[in-house]
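Student: with the input below, show me the fold.
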Amino acid sequence: MKPADLDAVTTGIRHEDPERYVLDGSRPSLALSPASVGEVRASLEAANSAGRVVVPWGGGTQMGLGNLPAAVDVALDLRALNAVVEYEPNDMTIAVQAGLTLKALDRLLAEHGQVLPVDAADPEHATLGGLAAAGIAGPRRFGYMPLRDLIIGVAAVLPDGREARAGGMVVKNVSGFDLMRLYHGSLGILAVIVQLNLKVLPRPQAERTVLVRYPGLADAVRSAESIRLSQLGVTAVVLLDAGAATRVEIPTAPWTLAVRCEAPPVAVVRQAERVVQVAGAPIDATDLLPAEETPGFWSRVTGLASAAPTHDEIGARLGVRPSRMAIQGEQVASGGDVQAVMLDVGSGLVYARATGETDALRAAWQRLEMLGEHATLLTAPAGVKEGIDVFGASPAGLDVMRSLKEQFDSHHILNRGRFAGHL
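Tutor: Alright, predicted model coming up:
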């Protein structure tokens, strides 16, 4: 099937302006917005028959993640698939289509006193399918769990148009292969997720954020580790350097500890008080953010870990052993080529942002890549990505993933080249 034939076959499917789907400088020749799972199946079947490369697209909030695409022929926008398929508040489970945004889901769950405790820098646009495919978790996973562990069922469309389902609407489901974890973080190279079944949790009745300022990183890490290892039940523990503090719009200090507390109203006050005591800082170095400011603050914090596309900045994520958090945090921050650093102490990750020209950004990434146990270039201009693998050294299990790619997508039409190892 020729490209013109593909356009003809998809006449009944809504077409969008391809200029809105430029990926790392590559513009698709066709952009489709299917309104049903059937149209997703038809789109993929036609593209597969024509040998055209398809890039699944949600809200675009994580499209900076991935290697340079080998080709971009068709952008498949899934935002029209945004229905709630099934919701059982008493069972605390919900099934949604992949194009539903996190904010829309949160509004619905709030009516029933429930929440999906997942971080996103731009919840108004971040889709559930996109968050699952990218597999990026924010600081809140320390107190809850990543999205991966909240998915209890999935429906996806394979490149040849077949629909595959796994799991269900039961939290303790042990039947079949755990395809939920396989799809999570796979960057859409195996199949296009069209539905997610999720377990949800009781919504916190109150929340506060404790901010504690420190003159040096060593003391800040010791306090953060004490809180992390305590029984206080906080839900996020991060450290921000002065540049990161400026980005999240709080008063700057060499290092600021930010701790998220979520609990019933009386308990959250006591929890915040205990955090301050454990932090061991002078009271004049401590602030409390009220409940109404906490969600916005943590969305900005999550932005430091975001993979949103950039034109003059890189975002890097480094895995760090807890025992080396202070040492490697200092190494990341002291290079002079990084403008903002966040240490997610709860997850053992360091995030760095650097702004500049292409050559300077490439040099910054080369330095950062050597500092972590593992490293991922979350987002960068196309010029920085040229000739490298943004996922760093080949991870364990890449051969297995390569084999799975051949089985799921033998023609390599889904996100060709963008995954680790340029799969």
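Student: C-alpha only now, for contacts and for neighbours.
Tutor: OK.
Student: burial count for Met92?
Tutor: 19 (other CA atoms under 10 Å).
Student: what do you get for the one 3 residues further on?
Tutor: The local packing of Ala95 (other CA under 10 Å) involves 22 other residues.
Student: quick check: which element contains it?
Tutor: strand 93-97 (DSSP states H and E).
Student: following that strand, which helix or strand comes up?
Tutor: Using DSSP H and E, the helix or strand that directly follows strand 93-97 along the chain is helix 102-110.
Student: with adjacent residues omitted, what lies nearest to the residue most central in space within the chain?
Tutor: Residue closest to the average C-alpha location in the chain (CA atoms, centre = their mean): Ile136, at 2.6 Å. Leaving aside its sequence neighbours, Ile136 sits nearest to Gly185 (CA to CA, 6 or more residues apart in numbering; 7.4 Å).
Student: which SS class is that neighbour?
Tutor: Under the three-state scheme (DSSP: H, G, I helix; E, B strand; the rest coil), Gly185 adopts coil.
Student: pretty sure it contacts Ala132?
Tutor: Yes - the pair formed by Gly185 and Ala132 meets the contact definition of CA atoms under 8 Å, at 6.2 Å.
Student: of these two, give the one with the bigger neighbour count.
Tutor: Ala132 (25 against 18).
Student: ok, the more buried one touching Leu182?
Tutor: No - if you go by CA under 8 Å, Ala132 and Leu182 don't touch, sitting 10.3 Å apart.
Student: in what helix or strand does the residue nearest to the centre of the chain lie?
Tutor: Short version, using DSSP H and E: Ile136 is in no helix or strand.
Student: per-residue pLDDT of it, please?
Tutor: Per-residue confidence at Ile136 stands at 89 (pLDDT).
Student: circling back to that earlier point, tell me who's in contact with the residue nearest to Ile136.
Tutor: By CA atoms under 8 Å, 6 or more residues apart in numbering, the contact list for Gly185 reads 132-136.
Student: kindly indicate which of the residues you listed lies nearest Trp57.
Tutor: Ala133 (10.1 Å; CA to CA).
Student: test my guess that that closest one contacts Met180.
Tutor: No - the pair Ala133 / Met180 is not scored as a contact, 10.3 Å apart, by CA under 8 Å.
Student: one step back: now the residue nearest to the centre of the chain: how far from His184?
Tutor: 9 Å (CA to CA, to the nearest Å).
Student: what about this protein, any weak spots by pLDDT?
Tutor: 1-5, 8-9, 171-177, 283 (pLDDT under 70).
Student: how about the helices in it?
Tutor: 3-9, 37-50, 102-110, 128-134, 179-183, 217-228, 242-247, 265-279, 294-303, 325-333, 358-369, 382-385, 398-408 (DSSP state H).
Student: okay, angle between the second one and strand 93-97 too, please.
Tutor: To tie it back to what came earlier, the one meant is helix 37-50. Put simply, helix 37-50 runs at 50 degrees to strand 93-97, going by axes from the mean of the first three to the mean of the last three CA atoms, to 10 degrees.
Student: from here on, count from 38
Tutor: Will do, 38 is the new start, and the previous item becomes helix 74-87.
Student: quick one: distance of helix 74-87 to the chain centre.
Tutor: Averaging C-alpha positions (CA atoms, centre = their mean, to the nearest Å) puts helix 74-87 27 Å from its chain's average.
Student: ok, and what's touching that helix?
Tutor: 38-40, 43, 46-47, 50, 69, 71, 90-91, 111, 118, 194-200, 231, 448, 450.
Student: list the buried residues for that helix?
Tutor: 74, 76-85, 87 (16 or more other CA atoms under 10 Å).
Student: how about the residues you listed, which pair is most distant?
Tutor: Maximum distance among the buried residues of helix 74-87 (CA to CA): 20.0 Å, for Val74 and Ala87.
Student: picking up where we left off before, from the contacts of Gly222, which single one is nearest Leu184?
Tutor: Of the contacts of Gly222, the one sitting nearest to Leu184 (CA to CA) turns out to be Ala169, at 6.9 Å.
Student: so Thr138 touches Thr164, yeah?
Tutor: Yes - using CA under 8 Å, Thr138 is in contact with Thr164, at 4.1 Å.
Student: overlap of the contact sets of these two?
Tutor: In contact with both Thr138 and Thr164: Gly96, using CA under 8 Å, 6+ apart.
Student: thinking again about what came up before, of the contacts of helix 74-87, just the buried ones, ChimeraX syntax please.
Tutor: Of the contacts of helix 74-87, the buried ones can be selected in ChimeraX as follows, counting by 16+ other CA under 10 Å:
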select :40,43,47,50,69,71,90,91,111,118,194,195,196,197,198,200,231,448,450
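Student: which residues does the nearest residue in space to Val109 that is not next to it in sequence contact?
Tutor: Counting by CA to CA, 6+ apart, Pro65 is the residue found nearest to Val109 once chain neighbours are left out, at 5.1 Å. By CA under 8 Å, 6+ apart, the contact set of Pro65 is 55-56, 58-59, 109-112.
Student: cool, and Ala192?
Tutor: So Ala192 contacts 200-203, 230-233 (CA under 8 Å, 6+ apart).
Student: filter those residues to the buried ones?
Tutor: Buried among the contacts of Ala192 by 16+ other CA under 10 Å: 200, 202-203, 230-233.
Student: go through those and name the one nearest Ala318.
Tutor: Once CA to CA is applied, the member of the buried ones among the contacts of Ala192 that ends up nearest Ala318 is Leu233, at 43.7 Å.
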